[in-house]
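# With the sequence up front, the predicted model follows.
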Amino acid sequence: MLVTKCVSTNLKGHLTIGGADAIELAEEFGTPLYVYSENKIRQKIREFVLSMNKYYNGNGLVCYASKAFSCKEMYRICMQENIGVDVVSGGELYTALSVGFPAEKIVFHGNNKTPEELSAAVESGVGRIVVDNITELKMLDEIAASEGKTAGIMLRIKPGIDAHTHDFIKTGQIDSKFGFALETGEAMEAVKAALGMKNLKLRGLHSHIGSQIFDVDPFCLAAKVMLEFYRDIKAETGVELEELNLGGGFGIKYLRSDAHEAYGEYMKQVSAVVHSFSHELGIKTPFILIEPGRSIVGVAGATLYTVGSVKKIPGVRTYVSVDGGMTDNPRYALYKSDYEVVCANRAEEDRTEIVTVAGKCCESGDLIQENTKIQPVKPGDILTVLSTGAYNYSMASNYNRIPRPAVVMVKDGEARVAVKRETYDQISQNDI
Ligand code: LLP
């Protein structure tokens, strides 16, 4: 049993991803290699859309948080699935627009957007710019005026919810660089300021409490807190906001021991809370946006590596070094994230060795996993790290001038390159 259903094994005893033989992929495209199952990505998107339709009468929009994995092909898939996307920089916006993504369905985030980024958003007609602070609010109003346009905005609110996740990836509490605080009155001030701006249309508010969260309760609590604020806004200003953006953050299964993903349950419970609470508070039931990132692409991706040296240090540990590392997957170095590791060419053998999988960077902390149980491996074997689809390619770097791996999409066993492997020429092309 492997942690994700988009991998399996074939008659040769090789691991398959999205129906393609991992060893053949490694031979054809080289390693390290990011491999995605396109069907899995589409299935995850459809699960969110279906649950929005089933539990919230379709009165909402699923927006894929593209920071989890951003490339042209991913925006094309979202476009074909008819969902929205969340972008968080000029670069993500540019990439989405470059494949013809409808601007009205783009949500633009960021706690310190530049004037250039805001101008690009207004000019291209981005549907919802999520304003983070007063400086940005004023700047955006001026930019919209100079473009002769009205910009659709939401305000990012810190609902004061402390979600149980890694310190670096929680965001809803008051001590956070993102958004306006409710407790201090800052959020109400911002709403009033936004309502008074001639060139901005306040569509609603946004909250995001963190990432890799399994518990549904903090999401329900955040929805309640936000709706109470909608009631207060109505009481103080007479304005009823139309939309509520509840962010993303749904946990995924990295290990078999992790909890089950319950996205249907999330929409079911949150929808019930929003319906009953808005009724109770005497406010309109809002149109809802959600922004899943990790939960759409995480388990759909895997990374293939070739094993180089296997170094046994008696009484200490065994290092299995691979041809990638923190450059293509910085998440263990950053958050000590768990992953399941499988030897793709020995996928059906028993996992009897406890090893540390190390990268090739000049850095002791360049590890992909410690104390992980895998099949006995030799130099030349292909290791697969599962569920690397979110925040691996998108957080990859060129540390040690290591080129970023290629990304391959597999659909019904057929593989195609979605992002080419970087070359040395490309990583040095801006050097003077
Ligand atoms: N919406 C907003 C406003 C966000 O800030 C994020 C993630 C999401 C949606 C999507 O969250 P997701 O559904 O993917 O959990 N680099 C970290 C994750 C940082 C998440 C940042 N914001 C990691 O590798 O775990």
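Looks like it arrived, so ask away. Numbers count the residues shown, from 1 in each chain.
# contacting residues for the closest residue to the ligand within the stretch 1-150 of the chain?
The ligand sits closest to Ala65 of the stretch 1-150 of the chain, with a gap of 3.4 Å, by C-beta to the nearest ligand atom. For glycine as for every other residue, the C-beta is placed from the backbone atoms N, C-alpha and C. Ala65 makes contacts with 85-86, 88, 248, 291-294, as judged by C-beta atoms under 8 Å, 6 or more residues apart in numbering.
# residue ranges of the strands in the stretch 301-432 of the chain, please?
Assigned strands in the stretch 301-432 of the chain, in chain order: 301-313, 317-322, 341-343, 353-358, 367-374, 382-386, 406-411, 414-419 (criterion: DSSP state E, counting those that start in this stretch).
# Any residues of the stretch 1-150 of the chain in contact with the ligand? List them.
65, 67-68, 86, 109 (C-beta under 6 Å from any ligand atom).
# mind listing which of these are in strands?
Mapping these onto strands (DSSP state E) picks out 65, 86.
# how far out from the middle of the chain is stretch 93-106?
For stretch 93-106, the separation from the chain centroid amounts to 17 Å (computed by C-alpha atoms, centre = their mean, to the nearest Å).
# Can you classify Ala235 as helix, strand or coil?
What DSSP: H, G, I helix; E, B strand; the rest coil gives for Ala235 is helix.
# circling back: a markdown table please, covering the residues of the stretch 1-150 of the chain next to the ligand and showing pLDDT.
What follows is those, written out as a markdown table (pLDDT from 0 to 100):
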| residue | pLDDT |
| --- | --- |
| Ala65 | 98 |
| Lys67 | 98 |
| Ala68 | 98 |
| Asp86 | 98 |
| His109 | 98 |
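# Tell me which two in the residues of the stretch 1-150 of the chain next to the ligand are the farthest apart.
Ala68 and His109 (12.7 Å; C-beta to C-beta).
# Asp232 should be in a helix, yeah?
Yes. In this structure, Asp232 lies within a helix as judged by three-state DSSP.
# now it: how far from the ligand?
Applying C-beta to the nearest ligand atom, to the nearest Å, the value for Asp232 to the ligand is 23 Å.
# pretty sure that residue contacts Gly185?
No. Contact criterion C-beta atoms under 8 Å: Asp232 and Gly185 do not qualify, at 10.6 Å.
# Poorly predicted segments of the stretch 151-300 of the chain, please.
162-173 (pLDDT under 70).
# the strands in it, which residues?
Using DSSP E, counting those that start in this stretch, strands in the stretch 151-300 of the chain cover 151-158, 180-181, 200-206, 243-245, 287-290.
# Adding distance to the ligand and mean neighbour count, write those strands out as a markdown table.
As requested, these are exported to a markdown table (distance: least, C-beta to the nearest ligand atom, whole Å; neighbours: other C-beta atoms under 10 Å):
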| stretch | distance to the ligand | mean neighbour count |
| --- | --- | --- |
| strand 151-158 | 7 | 25 |
| strand 180-181 | 14 | 20 |
| strand 200-206 | 7 | 23 |
| strand 243-245 | 8 | 25 |
| strand 287-290 | 9 | 23 |
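# Let me have these in TSV, adding distance to Lys268 as columns.
As requested, the strands of the stretch 151-300 of the chain are arranged in TSV below (distance: least, C-beta to C-beta, whole Å):
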stretch	distance to Lys268
strand 151-158	24
strand 180-181	29
strand 200-206	22
strand 243-245	17
strand 287-290	13
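# Of the ones you listed, give the one that comes closest to Ala144.
strand 151-158 (4.3 Å).
# any idea how far the closest one is from the chain center?
Taking C-alpha atoms, centre = their mean, one finds strand 151-158 lying 20 Å from the centre of the chain it belongs to.
# before we move on, what about stretch 151-160?
Using C-alpha atoms, centre = their mean, the offset of stretch 151-160 from its chain centre is 19 Å.
# Stretch 420-432 too?
On C-alpha atoms, centre = their mean, the centre of stretch 420-432 falls 26 Å from that of its chain.
# Show me what counts as buried in that stretch.
Arg421 (16 or more other C-beta atoms under 10 Å).
# ranges for the helices of the stretch 51-200 of the chain?
72-80, 90-98, 115-124, 134-147, 186-195 (DSSP state H, counting those that start in this stretch).
# Break this structure down into its domains, please.
7-30+300-428, 38-293 (automatic domain parsing).
# Reformat the ones you listed as a markdown table; add distance to Met1.
Shown next, in a markdown table, are the domains of the chain (distance: least, C-beta to C-beta, whole Å):
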| stretch | distance to Met1 |
| --- | --- |
| domain 7-30+300-428 | 10 |
| domain 38-293 | 7 |
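# For the residue of the chain most remote from its centre, give me phi and psi.
Distance from the C-alpha centroid of the chain peaks at Pro314, with 40.0 Å (C-alpha atoms, centre = their mean). As for Pro314, its main-chain torsions (degrees, to the nearest 10) stand at phi -50, psi 130.
# sorry, back to before: the ligand is nearest to which of the strands of the stretch 301-432 of the chain?
Here strand 301-313 is closest among those (C-beta to the nearest ligand atom), at 12.5 Å.
# Buried ones in that closest one, by neighbour count?
Quick answer for strand 301-313 (16+ other C-beta under 10 Å): 301-307, 310.
# OK, contacts around Lys105?
Counted by C-beta under 8 Å, 6+ apart, Lys105 has contacts 61, 63, 83-85, 127.
# Wait, Ala347 touches Lys12, no?
No. Ala347 sits out of contact with Lys12 when judged by C-beta under 8 Å, with a separation of 9.3 Å.
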